[in-house]
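**Q** Here you go, sequence then predicted model.
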2 protein chains.
Amino acid sequence: MSDQEFDRTTVLGKVMMVLHAFTIDDSTLSLAELVRRTSIPKGTLHRVLTDMVTVRMLDRTDAGYRLGGSLFELGMRASVERSLLEVAIPFMEDLYVRTHETVHLGVLDGTEVVYLSKIGGHRQASAPSRIGGRMPVHCTAIGKVLLAHADKALREQVLSAPLPRYTPRTIILPGPLRTQLDRIAAERMAYEYEESATGIVCVAAPVRESEDVVAAISVTGPSHRFRPDNHTSSVRAAAEEIGATLARRSSLLRK
Amino acid sequence: MSDQEFDRTTVLGKVMMVLHAFTIDDSTLSLAELVRRTSIPKGTLHRVLTDMVTVRMLDRTDAGYRLGGSLFELGMRASVERSLLEVAIPFMEDLYVRTHETVHLGVLDGTEVVYLSKIGGHRQASAPSRIGGRMPVHCTAIGKVLLAHADKALREQVLSAPLPRYTPRTIILPGPLRTQLDRIAAERMAYEYEESATGIVCVAAPVRESEDVVAAISVTGPSHRFRPDNHTSSVRAAAEEIGATLARRSSLLRK
DNA sequence: GCAGTGCGTTCCACTGAGCCGAACACACGC
DNA sequence: GCGTGTGTTCGGCTCAGTGGAACGCACTGC
């Protein structure tokens, strides 16, 4: 999903290519850099960029272009993600207060996890996740729990592609991963022991809105002091409460 | 800023008109409804919408169209808002734990406040603010503190336009508001007593990144039990720490 | 000094992507 | 049946969008 292809001929396609040229830790990109990344002809790109600036998708700075604040605002209006967030945040806080470790909320998009929120005090540099960022499904607790409850097709798609190694403990063989996913699907909890980054471990549970798994919530901590299985029940409880609140809310809206 | 005008003739203009047709509490909109809101010819709009769906700006559902999850992701990559968020969240948590009241983080956009984040436990239905939502500057603590530190031009623009009344206590006269803004600019704190919604009061402080006011942080509570002036120093401290962290971070990046 | 390199910007003749009115298809309620 | 609300398709016109090429400018380093 990261190497998404857009139609070069259409305006919208170009716009999306530009937007996706920004990775999560680019703040500003120059025209030349954008030409390199998108391989759109310089003249055309220049015009597209100025157009995007006038509609406030991009901000112009001395150093180049950056994603505009109005995008943030629009993103927050995306209904699914927003209502999930609004409902989940209080429960994430509870979990944080109880554990004092980093709490994540993530959804599945394509074959990757997208993090909707991440809270956890000041000392949390360790985890490589970022809000709005992506991580692979096969080596994160949230990813595994989402994959375990996803439909067969997606599961097989992930299992049949190579599973990139991130640490010595990353599961890179389809066989072991498959059996683990089966167990996760059965017990509705996933664990990660230094599979995405050395030094961190994680517990995750699925958030279900009337049978559909719409997201997953997790607690992450440093391996030396954090015991995932001690927090199984709190994480599960939080996930279930979020699901219940979502269901209550959407049944209200339906009237 | 809400009634932004876009160029009808250009593709991007139409796209933005569609995106902005979604208000904060629309989840899905039908083609017909979008025709009404944007007054783009039906045939054209239909094509634009399907284009937007193929680039994943919109999701198609049985009921109509809704803002896609990829927008959320893009929005989160908007550098300014994102780094502000990442830095601010831990301090907002501190403030929440200390006060157990709703904590807001907002920035100025045009003549309105946009909320970047809002945390606070389960019982917080009261405040009308929403993440990614907007509120007027003249009747919120965050708004007033941002306006007080904004440049003269903006300040006069707001003061010369009519100030809509939200509650009996909303300040609708330019004179009193001006003197209050002067005081706020001097003491770097703003208060709100049921000016945007009855029953809630608020304290806010400016977040300054090396002299520039980039955002504001506030604590909001119900008027019957919450005394804003009791929390002045914690709010100010949080704002200053956020500012200091931002400055430290950006000086690191500069190398 | 002056060639070399990388950047942003402007220009302009060409062309097909985008335009939109009109016709069509379907599902309702009365 | 007939009106009214949806969403979808069609096709000929045309101007918005295209991109190669040339330009200006700020830097190197020699």
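**A** Arrived safely.

**Q** how about stretch A:147-166: buried residues?
**A** For stretch A:147-166, a neighbour-count test (16 or more other Cβ atoms under 10 Å in any protein chain shown) marks A:147-150, A:155, A:158-159, A:163, A:166 as buried. All C-beta atoms are positioned from the backbone trio N, CA, C, and that covers glycine.

**Q** is any part of stretch A:154-174 close to chain B?
**A** No. On the criterion Cβ under 8 Å from any Cβ of the partner chain, stretch A:154-174 is out of touch with chain B, staying 15.6 Å away.

**Q** List the contacts of that stretch.
**A** With contact meaning Cβ atoms under 8 Å, 6 or more residues apart in numbering or on different chains, stretch A:154-174 is reached by A:108, A:111, A:136-139, A:147-148, A:177-178, A:180-181, A:193-198.

**Q** which among those end up buried?
**A** Using 16+ other Cβ under 10 Å as the burial test, the contacts of stretch A:154-174 include A:108, A:111, A:136-139, A:147-148, A:177, A:180-181, A:194-197 as buried.

**Q** Okay, and which of those residues map to helices?
**A** If you go by DSSP state H, the buried ones among the contacts of stretch A:154-174 have A:147-148, A:177, A:180-181 in helices.

**Q** Pick the one among those closest to residue B:43.
**A** Proximity of those to residue B:43 (Cβ to Cβ) peaks at residue A:147, which lies at 41.4 Å.

**Q** any idea what sits nearest the closest one, other than its immediate chain neighbours?
**A** Spatial nearest neighbour of residue A:147, excluding adjacent residues (Cβ to Cβ, 6 or more residues apart in numbering or on different chains): residue A:137 at 4.6 Å.

**Q** Now do the same contact list for that neighbour.
**A** A:108, A:111-113, A:143-144, A:146-147, A:158.

**Q** try 6 Å this time
**A** A:113, A:143, A:147, A:158 (Cβ atoms under 6 Å, 6 or more residues apart in numbering or on different chains).

**Q** any idea how far it lies from DNA strand C?
**A** The spacing between residue A:137 and DNA strand C, counted by Cβ to the nearest atom of the strand, to the nearest Å, is 34 Å.

**Q** Please apply the same query to residue A:45.
**A** Taking Cβ to the nearest atom of the strand as the measure, residue A:45 falls 8 Å from DNA strand C.

**Q** Strands along the stretch 51-200 of chain A, start to end?
**A** With strands called from DSSP state E, counting those that start in this stretch, the stretch 51-200 of chain A shows them at A:58-61, A:64-67, A:102-109, A:112-119, A:134-136, A:190-193, A:200-209.

**Q** quick one: residue A:29 from residue A:63, how far?
**A** 9 Å (Cβ to Cβ, to the nearest Å).

**Q** Of the two, give the one with the bigger neighbour count.
**A** residue A:29 (22 against 10; other Cβ atoms under 10 Å in any protein chain shown).

**Q** So which bits of the stretch 51-200 of chain A are right by DNA strand D?
**A** residue A:51 (Cβ under 7 Å from any atom of the strand).

**Q** Just to confirm, which residue in chain A is farthest away from the center?
**A** In chain A, the residue that sits farthest from the middle, by Cα atoms, centre = their mean, is residue A:43; the gap is 34.9 Å.

**Q** Let me know whether the helix or strand containing that one sits next to chain B.
**A** Counting by DSSP states H and E, the element that carries residue A:43 is helix A:42-54. Yes. Counting by Cβ under 6 Å from any Cβ of the partner chain, chain B is contacted by helix A:42-54 at residue A:51.

**Q** contacting residues for residue A:130?
**A** Neighbour list for residue A:130: residue A:24 [criterion: Cβ under 6 Å, 6+ apart].

**Q** Could you rerun that using 8 Å?
**A** With Cβ under 8 Å, 6+ apart, residue A:130 has these contacts: A:24, A:115, A:118, B:86.

**Q** quick one: the nearest residue to residue A:49 once chain neighbours are set aside from residue A:157, how far?
**A** Among residues not flanking residue A:49 along the chain, residue A:65 sits closest, at 5.9 Å (Cβ to Cβ, 6+ apart). Distance of residue A:65 to residue A:157, given as Cβ to Cβ: 35 Å.

**Q** ok, now which ones touch residue A:63?
**A** By Cβ under 8 Å, 6+ apart, the residues touching residue A:63 are A:28, A:30.

**Q** Angles on the backbone of it, please.
**A** Torsion angles at residue A:63 (phi, psi; degrees, to the nearest 10) stand at phi -80, psi -20.

**Q** Many thanks, have a good one.
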